[in-house]
Structures are given as C-alpha cells and as structure tokens.
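Peer 1: Sequence below, structure please.
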Amino acid sequence: EANKDYWKGAPKIDKLNIKIVDGSQLYAGLQSGEIDITQQTMSDIPQEDYESVEALDNVEVVYGSPVTNQSVFIQTKNVPDVKVRQAMLYAIDRQQILEELLNGHGEIVDGFLSSASPFYDDSLTPISYDPEKALLEEAGWDGSQTIRFYVNSGDSTFVNAASIIAAEWAAVGIKAEIQTVDFATLMSVAGTEDYDVLAVQYTYAPVDPYPDVAWLLGGEGSWTGYSDDTLNDALTKSQLTSDPEETKELFSVVDKKVQEDVPMFSAYVISAQGAVSKRITGAAPSVYGFFNDVRNWDVVE
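Peer 2: Residues are numbered from 1 along each chain as shown. Sure thing, here's the model as predicted:
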C-alpha cells in the first residue's frame, strides 16, 4: 500500500498487486491486460513466447541487462584432462545457439562475469567455435567414452541447445548422453560424481560473485571438483580490497583461469524479456532499481 507521507511525495497509485503465476501464463495476462508489467528477473516469460509478446499492441517490450548465465559445469574428477574440456568448448558454436534460440538477446562470455558487471573485463575474448582445435587424440580420447550430460527439463530453450551441443560434440568424437531431469533431481545430482556435465541457469551477483564462484570452484564436493591456487588467491584478494580497478583485475584472473582450464563454461548469458502495458506511465522494466521510482508509476485509463 502507498505511504501517503513518503518524504519524496505521495505515490500516484494506491497499491501494487503482485501476482504469483506460472511463466506460461504471462503472455495471456499481458494480452488481456490482467498483468500490467513484468520485470526481467522476477518474471520468467518463456523464450517461445517472446515473439508473441513483442507482437502485442498494448505493451512495450524491454530487454534487460545480460545477467542470467546458462552455465555448464564439468565434473573434473570424471573429465580430468584439460585438453578434453577445452575440446568440448572449441566444438560448440555458442554464437549460433544464441542467435537461433534466443534471437540474439544475450551475449557470449567466458567465465562468470557478464557485461552487466562493473568488473567485467571486455578484453577477455571468448573462445570461438573452432572444431579443428578439439585435439582429443592428444588427450588419449578414443571415442569409446560417453559423457553424461544433465539438463533441466523445465528449461525448454536449453533442452534444445543441449541437443545442438551434443551433435557438435559428436562431430569431433565426443559422445554425450543427455539426461533431461526436473530441477529437484538436477540439484540432487549436483556436487556428486554421478554426472560428467551439468547445465543450469545461474545468476551471479554482478558486484561480488565471490560466494558463488568460491563454492562452485571449491574442490572436493563442489559442482566442478576443480581447485586452483592462482584462482583461489585472486578470489581471496578480491575480498580484501575496495579498489574497483584492482577488483576488476582479480576477477579477470579468475575468468581467464576458467577459460584456460574449463571447469565450467557459459553457453550464453540471457538478456531476459520484460514488458509494460501502455496504460502505465512512469514505469519501465529494469534488472536493477525497478522499484526505485515506484512513486511515479501511474495508470492512465
């Protein structure tokens, strides 16, 4: 409810109604006018509905900052040779997947930070698709092994992406068996050694991804089983400085090491869709500061 005594002035609307609905209901709600606004990370408009929402005459569409990382974690105890992990990355045309499945709404990065972070190092060029560099023979990979690839069944876009990735791996001699499971099962498998590759959407805090990164690359019991002294030192130092440039350099060390050793890779980072009814003024979907100026929101019938 509105605070009429708010020090910056009374809000123009009396209250907000926040609805909890399944993502598949958002398009119909926007179309009918039952839903006035969706924010990119609080709402989850399915990728397959993006074009339909864009076609609505009664809403404006706003794509948010790229913050949701479609992360692919490799259990390094089961895939210990870095050349194999590098080959897995070289074999994937991530840009094509981004363009075909997300209509380009996002970006390709290596490591954890996207361009939405103030500490993103734009000089770190993502590994490009180059199957000729997938040097599996040097790693002693004879093609008889099968990668167990776990995917969230609730993420229809990445289920399709996983099929593309598996086909691209097969083209260089890596067999993958896709295990499509519900989210609860996926999380029960994560951190065990009962998978080789596991993919899930993960939003790392752009200002300080330390807690997630330190845990995911924390060696024994982590989702990757990977640990590196240089990387760990940079992570530790990132918590001991308040200098932005130094922090950026330290997280760049982390992302470069991840790019080199490939305990995980980003399939893509999503710029999610938000939408706002044209009957609303003063409001716009945004990943950050969405409610900062809610006092200026208004409804024009």
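
Peer 1: Which helix or which strand is home to Ser43?
Peer 2: Under DSSP states H and E, no helix or strand contains Ser43.

Peer 1: Tell me if I'm right that it and Gly23 touch.
Peer 2: Yes: counting by CB atoms under 8 Å, Ser43 sits close enough to Gly23 to count as a contact (7.2 Å). For glycine as for every other residue, the C-beta is placed from the backbone atoms N, C-alpha and C.

Peer 1: Compare the two (neighbour count), which wins?
Peer 2: Ser43 (20 against 14; other CB atoms under 10 Å).

Peer 1: Show me where the stretch 1-150 of the chain has its strands.
Peer 2: In the stretch 1-150 of the chain, the segments counted as strands under DSSP state E, counting those that start in this stretch are 37-38, 59-63, 68-74, 106-107, 146-152.

Peer 1: And those: which comes nearest Thr247?
Peer 2: The closest of the strands of the stretch 1-150 of the chain to Thr247 is strand 68-74. By CB to CB, the value is 19.0 Å.

Peer 1: got the contact list for that closest one?
Peer 2: 41, 85, 88, 109, 112, 114, 158, 161, 190, 196-204, 216, 223-224, 262-270, 272 (CB atoms under 8 Å, 6 or more residues apart in numbering).

Peer 1: That one pairs with which strands, parallel or anti?
Peer 2: Take DSSP bridges as the rule and strand 68-74 pairs in its sheet with strand 197-203 (antiparallel), strand 264-270 (antiparallel).

Peer 1: quick one: that strand to strand 146-152, angle?
Peer 2: 150 degrees (axes from the mean of the first three to the mean of the last three CA atoms, to 10 degrees).

Peer 1: would you put the C-alpha positions of strand 68-74 in CSV?
Peer 2: C-alpha atoms of strand 68-74 as CSV (Å, rounded to 0.1, in the frame of the first residue of the first chain):
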residue,chain,number,x,y,z
THR,A,68,21.3,-14.9,-16.2
ASN,A,69,24.2,-17.2,-17.1
GLN,A,70,23.4,-20.5,-18.7
SER,A,71,26.3,-22.2,-17.0
VAL,A,72,27.6,-25.6,-17.9
PHE,A,73,29.6,-27.3,-15.1
ILE,A,74,32.1,-30.1,-15.8
